[in-house]
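Engineer: Kindly return the folded structure for what I paste below:
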Amino acid sequence: MEKPTNQDYLAALQAQFGTALLQHEEPFGMLTIEFTAAQMHAAIAWLKNDPTFSVNYLTNIAGVHYPDDAGREFAVVYHLHSWQNNVRLRLKCYLNKAQLQVPSITDLFDGANWMERE
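Structural biologist: Here you go, the predicted model:
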């Protein structure tokens, strides 16, 4: 079986999460997908546990501040990797400055513990 492409990942996520997947792009060949904050944990868990997609490595979690973007002042960005398929993904969600909470993924990746403290 051939390894899944970015388009395969995108199609599967769209089928699985529907409207929780808000938008996507592919800058420099890296699939970048925006999810709702409420569905981010579920999306990452699904990618990790699905044997076809096997996203098994958390590279980084970063926070980004967009002070002039009302209602979307902060973003949480997850960089993930499937060693099996040699695919890198960027998942992100935007947060309102009045509601700065996103579910932890420490139950999925132990290394998230340190990154989530930053």
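Engineer: which residues of the protein fall in helices?
Structural biologist: In the chain, the segments counted as helices under DSSP state H are 6-17, 37-49, 112-117.
Engineer: Including distance to Q101 and mean pLDDT, could those go into TSV?
Structural biologist: (Each C-beta comes from the backbone N, C-alpha and C, glycine too.) Formatted as TSV, these follow (distance: least, C-beta to C-beta, whole Å; pLDDT from 0 to 100):
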stretch	distance to Q101	mean pLDDT
helix 6-17	20	97
helix 37-49	7	97
helix 112-117	11	91
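Engineer: Tell me which of those sits nearest to N86.
Structural biologist: N86 lies closest, by C-beta to C-beta, to one member of these: helix 6-17, at 11.4 Å.
Engineer: Give me the contact list for the closest one.
Structural biologist: The contact list for helix 6-17 (C-beta atoms under 8 Å, 6 or more residues apart in numbering) reads 4, 21, 24, 26, 29, 31, 33, 35, 39, 42-43, 46-47, 50, 52-53, 87, 89.
Engineer: Give the ChimeraX command for selecting the buried subset of those residues.
Structural biologist: Only the buried entries of these go into this ChimeraX selection, using 16 or more other C-beta atoms under 10 Å:
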select :4,21,24,31,33,35,39,43,46,47,50,53,87,89
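Engineer: what about stretch 49-58, distance to the chain center?
Structural biologist: A distance of 12 Å separates the C-alpha centroid of stretch 49-58 from that of its chain, computed with C-alpha atoms, centre = their mean, to the nearest Å.
Engineer: what's next to that stretch, contact-wise?
Structural biologist: 4, 9, 12, 44, 47-48, 78-85, 87, 89, 105, 108-109, 111-112, 115.
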